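# Pasting the sequence and the predicted model now:
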Amino acid sequence: MRRSVPVTILLTLLSVFLSTHPSLSQKPEDPAPAPLIESPPPTLAPPRDKPRRPDLTQQEQEDAVTALAELRSAVGLSPRNAEDRLNLAEGLYRIGDLDAAIEECRVAIRLKPDEAQGHLQLGVLLMAKQDWRAASSVLKEAIRLEPESPHAHYSLGSVQYTTGNVKAAIQSYRAALELQPNFPDARYRLALLLKLTNHEQEAAKLMEEAALGGVPQAQFFLGNAYKSGLGVEKNLAQAVFWWTKAEEFGHQPAAEALAKVRRQALSPDQSDRKRQEALDAFRSYRERLWEEFPDYSPAPGDETLGTRLLKLNRADDAIPTLLKETYALGDMAQAELARLYEFGWDQYLAPFDKHILACFETTAADGFLPAKKTLARIYGKGLGMAPDLYKAKFVLKGLPKQEMKALLDELAPQ
């Protein structure tokens, strides 16, 4: 437990730390046409929002309080045990009491001043307080005591970046990676700094490695790089692939990027070239999904991977794949989801699934006509909700009047 304590705090803190740096983004593309991802160039401004304690569910909060009582009891039995003090500091951090957690770390350091663990944990907590100067001092002491601690180098790199010392931060992240090559988050942070210093190619390589390691921010920025051709060959299909990976982790900027590409594919205001480029990117993505199931090969005709998995009763894979294909503007997948939404699927899926409904709402808002028609039917017929012809009519807005009237007539009560 002792070894895992600072890692828990560190990962939570750094996830918040990243979220408070909206300025860490791709450099905007050259003039027209306007880029899909528009953001200011990177800066070295420190975050203004204070890092938050971990977001806990009600059950997790109750468990944290119960655990805290046990940790205090352990300290009461052995008040001079530094390890128990650090465990208590972790418990206090989980309930949001940073000041008390910091004090416990300081007690642990007084008890065992030559133990790097206490210094590392205190340094991370001081980062949460945004006391960068004190955090830097404590983390340097942790590294002096244990030079082979990748987490200490990583944390120090974050402090150095925040205080504007880019060169030192790069060195710290490189040190962390030398000690622990399988460290995707360090690759991501190093890639950001290399981008700031105009080392585009090395930054793109590290960003891809971090993306492959599952870091959603890296997946998002790699998508940006492919979209703009920064450090890699310009490729919108690759951008869609990586943005979709990030969006699966709940990364909102990636979801917004994908929505813009969908609107590019579906908007009559776009040029034919732009629309076709976006449609081809989504088609390429749908075809690439087959690579995740090497035992199957695409069949001639209109069968999709999702419909194939559905026929094979692969419940765990079929619905998620159909959703991916529909978000990527797959007509057949959308039609299959419409049927599943209304009727369900044996014991695997109840009717009126909220994830399918959310997919229709999202793609309909972006202009996907099959989703618009399905959503209008859901609203008008009251499938899984109270009937609402006004909402149905609103969804169909933009269709030719005659076509809209015909669809609404079908939905009108008999």
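It's in.

# Now the lengthiest helix in the chain - C-alpha only, CSV.
Scanning the chain for the helix with the most residues, using DSSP state H, yields helix 58-77. What follows is helix 58-77, C-alpha atoms only, in CSV (Å, rounded to 0.1, in the frame of the first residue of the first chain):
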residue,chain,number,x,y,z
GLN,A,58,-21.7,8.4,-2.8
GLN,A,59,-20.5,4.9,-2.0
GLU,A,60,-16.9,5.8,-2.5
GLN,A,61,-17.3,8.8,-0.2
GLU,A,62,-18.8,6.5,2.5
ASP,A,63,-16.0,4.0,2.0
ALA,A,64,-13.4,6.8,2.2
VAL,A,65,-14.8,8.0,5.6
THR,A,66,-14.9,4.4,6.9
ALA,A,67,-11.3,3.8,5.7
LEU,A,68,-10.2,7.1,7.3
ALA,A,69,-11.4,6.0,10.7
GLU,A,70,-9.4,2.8,10.3
LEU,A,71,-6.3,4.7,9.2
ARG,A,72,-6.6,7.0,12.2
SER,A,73,-6.9,4.0,14.5
ALA,A,74,-3.7,2.5,13.0
VAL,A,75,-1.9,5.8,13.7
GLY,A,76,-3.2,5.9,17.2
LEU,A,77,-1.7,2.4,17.8
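
# Would you mind checking the average pLDDT for the helix or strand following that helix?
As assigned by DSSP states H and E, the chain's next helix or strand after helix 58-77 is helix 82-94. The pLDDT scores in helix 82-94 average 91.

# Alpha carbons of the helix or strand just after helix 82-94, as CSV, please.
Later in the chain than helix 82-94, the nearest helix or strand by DSSP H and E is helix 98-111. Extracted in CSV, the C-alpha atoms of helix 98-111 (Å, rounded to 0.1, in the frame of the first residue of the first chain):
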residue,chain,number,x,y,z
LEU,A,98,-5.4,18.7,1.8
ASP,A,99,-4.0,20.7,4.8
ALA,A,100,-4.3,17.8,7.2
ALA,A,101,-2.8,15.4,4.6
ILE,A,102,0.2,17.7,4.1
GLU,A,103,0.7,17.8,7.9
GLU,A,104,0.7,14.0,8.1
CYS,A,105,3.3,13.8,5.4
ARG,A,106,5.5,16.3,7.2
VAL,A,107,5.2,14.2,10.4
ALA,A,108,6.2,11.1,8.4
ILE,A,109,9.2,13.0,7.0
ARG,A,110,10.3,14.0,10.5
LEU,A,111,10.0,10.4,11.6
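
# and helix 98-111, what does it pack onto?
Here helix 98-111 touches helix 82-94, helix 116-128, going by 3 or more Cβ pairs under 8 Å, 6 or more residues apart in numbering; DSSP states H and E. (Each C-beta comes from the backbone N, C-alpha and C, glycine too.)

# Of these, which is nearest Gly367?
helix 116-128 (43.3 Å; Cβ to Cβ).

# if we can go back for a sec, identify each buried residue in the longest helix of the chain, please.
Using 16 or more other Cβ atoms under 10 Å as the test for burial, helix 58-77 gives Ala64, Ala67, Leu68, Leu71, Ala74, Val75.

# if I pick the last one, what's in contact with it?
In this case it means Val75. Residues in contact with Val75, defined by Cβ atoms under 8 Å, 6 or more residues apart in numbering, are Asn81, Asp84, Arg85, Leu88.

# could you measure the closest residue to the last one other than its chain neighbours against Glu202, distance?
Taking Cβ to Cβ, 6 or more residues apart in numbering, and ignoring the residues beside it in sequence, Leu88 has Leu71 as its nearest neighbour in space, at 4.4 Å. Taken as Cβ to Cβ, to the nearest Å, the spacing of Leu71 relative to Glu202 amounts to 44 Å.

# repeat for Thr66
48 Å.

# And Gln402, by the same measure?
Using Cβ to Cβ, we find Gln402 at a distance of 58 Å from Glu202.

# quick one: low-confidence parts of this protein?
1-56, 58, 60-61, 414 (pLDDT under 70).

# OK, contacts around the residue nearest to the spatial centre of it?
The centroid of the chain falls nearest to His251 when counting by Cα atoms, centre = their mean (3.2 Å). By Cβ under 8 Å, 6+ apart, the contact list for His251 reads Pro216, Gln217, Gln219, Phe220.

# Dump these to a markdown table, plus distance to Ile319.
Shown next, in a markdown table, are the contacts of His251 (distance: Cβ to Cβ, whole Å):
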| residue | distance to Ile319 |
| --- | --- |
| Pro216 | 22 |
| Gln217 | 27 |
| Gln219 | 22 |
| Phe220 | 25 |
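
# So which of those residues sit within helices?
Per DSSP H, the subset of these in helices is Pro216, Gln217, Gln219, Phe220.

# and which of those is nearest Asp99?
If you rank the ones in helices among the contacts of His251 by distance to Asp99 using Cβ to Cβ, Gln217 comes first, at 29.8 Å.

# burial count for that closest one?
Residues within reach of Gln217, counting by other Cβ atoms under 10 Å, total 26.

# any idea how far Gly96 is from it?
Gln217 is 25 Å from Gly96, where distance means Cβ to Cβ.

# Go through the buried residues of helix 58-77 and name the one nearest Met385.
Ranked by distance to Met385 (Cβ to Cβ), the buried residues of helix 58-77 are led by Ala64 at 37.2 Å.

# If we ignore the residues flanking it in sequence, what's nearest that closest one?
Sequence neighbours aside, Arg94 is the residue nearest to Ala64 in space, at 4.5 Å (criterion: Cβ to Cβ, 6+ apart).

# Then Gln201?
Closest residue to Gln201 apart from its sequence neighbours, by Cβ to Cβ, 6+ apart: Gly231 at 5.2 Å.

# what about the one you found, distance to Ala281?
19 Å.

# Does Val232 touch Phe221 like I think?
No. In this structure, Val232 is not within contact of Phe221 by Cβ atoms under 8 Å, at 11.3 Å.

# Counting neighbours, go ahead and name the busier of these two.
For Val232 and Phe221, the more surrounded residue by other Cβ under 10 Å is Phe221, and the numbers stand at 30 against 19.

# Just the element for the closest residue to that one other than its chain neighbours, please.
Distance criterion Cβ to Cβ, 6+ apart; nearest residue to Phe221, sequence neighbours excluded, is Met207 at 5.7 Å. Counting by DSSP H and E, the element that carries Met207 is helix 200-212.
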